[in-house]
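K.L.:
Quick one: sequence and predicted model below, then my questions.
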Amino acid sequence: MISRLGLRNTTTRLLVNNRRIGLNSAYLVTRRTLASKPEQKATIIDHLTDEVIELTDPDRPQMGNYPNPKSQILAQDKDPYAKYDDPQNLRNKNDPMNFDEDMYDIWSPDSWSYVSDKTALKHNAYFFGSLIAFFSLLAYFEMNPEKPAMIRSYPYNGLATHMGAKDETDAHLFQARVDHTAEEECGILPVDDVVISQKEEYLKANAAFINV
């Protein structure tokens, strides 16, 4: 419909060289006319019906005489539990739409509710204080559950050397848990003769590849 509308002032239709000028050019001329005569209002005319339409916003002539609502509520601030004709967009039928509806609907950028520094610090103190109190209770009453199985204890300093430790300085990084009491009570099983013989046979068979 906008393509069939031309601009004019309240008294005469805008003509250039006996032709109607385009929408953008007519808009500029109309704005100059309004600047010189503030009491006049910008209008557009429908060339099919010759109906004169008073512009709601001269800066947006494409909107015509659409009644732009003065106040608009962000969709994020609406009650999400209320019943709407369109529950996804939180809209009812025939709800007025603003010229900038895309900045107010449910798909618009999120709005932030700012609070004072005092309120923000108070809320953070409540949150972190609750966490500290909760974990303090767990530690005081020892409510942390034990492991369902006992950790194994390995001989020879927790198999530190076998795990990759070079010396005693880094043994604590590689060794498994050591139960010295169990070693004193039960001792350490001697190496089986079968294991020794298998090791000797393996070294002999792979002597060309192993530097002992």
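P.N.:
That came through fine.

K.L.:
For this protein, which segments are assigned as helices?
P.N.:
Per DSSP state H, the chain carries helices over the ranges 23-36, 117-140, 155-163, 171-174, 180-186, 193-205.

K.L.:
Mean pLDDT lowest where, among those helices?
P.N.:
Lowest mean pLDDT of the helices of the chain: helix 23-36, a mean of 42.

K.L.:
now the helices of the chain in CSV, with mean neighbour count and distance to residue 95?
P.N.:
Heads up, the C-betas are built off the backbone N, CA and C, glycines and all. Formatted as CSV, the helices of the chain follow (neighbours: other CB atoms under 10 Å; distance: least, CB to CB, whole Å):
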stretch, mean neighbour count, distance to residue 95
helix 23-36, 15, 29
helix 117-140, 10, 33
helix 155-163, 16, 71
helix 171-174, 14, 68
helix 180-186, 10, 78
helix 193-205, 10, 85
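
K.L.:
nearest to residue 85, of these?
P.N.:
For those, the distance to residue 85 is smallest for helix 23-36, at 34.7 Å, taking CB to CB.

K.L.:
Throw the helices of the chain into TSV and include distance to residue 53, thanks.
P.N.:
Below are these laid out as TSV (distance: least, CB to CB, whole Å):
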stretch	distance to residue 53
helix 23-36	13
helix 117-140	49
helix 155-163	87
helix 171-174	83
helix 180-186	97
helix 193-205	100
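
K.L.:
To residue 45, which of those lies closest?
P.N.:
Ranking the helices of the chain by distance to residue 45, with CB to CB as the measure, places helix 23-36 first at 10.2 Å.

K.L.:
What's the separation between the residue most central in space within the chain and residue 73?
P.N.:
Closest to where the C-alpha atoms of the chain average out (CA atoms, centre = their mean) is residue 110, at 10.3 Å. As judged by CB to CB, to the nearest Å, residue 110 and residue 73 stand 15 Å apart.

K.L.:
One more: residue 205?
P.N.:
Separation of residue 205 from residue 73 (CB to CB) stands at 86 Å.

K.L.:
next one: residue 141
P.N.:
For residue 141, the distance to residue 73 equals 50 Å [CB to CB].

K.L.:
who has more neighbours, those two?
P.N.:
residue 73 (11 against 8; other CB atoms under 10 Å).

K.L.:
so the more buried one sits right up against residue 104, yeah?
P.N.:
Yes: checked against CB atoms under 8 Å, the pair residue 73 and residue 104 is within contact range at 7.2 Å.

K.L.:
For the closest residue to residue 64 other than its chain neighbours, report the pLDDT, please.
P.N.:
Spatial nearest neighbour of residue 64, excluding adjacent residues (CB to CB, 6 or more residues apart in numbering): residue 53 at 5.4 Å. For residue 53, the model assigns a pLDDT of 89.
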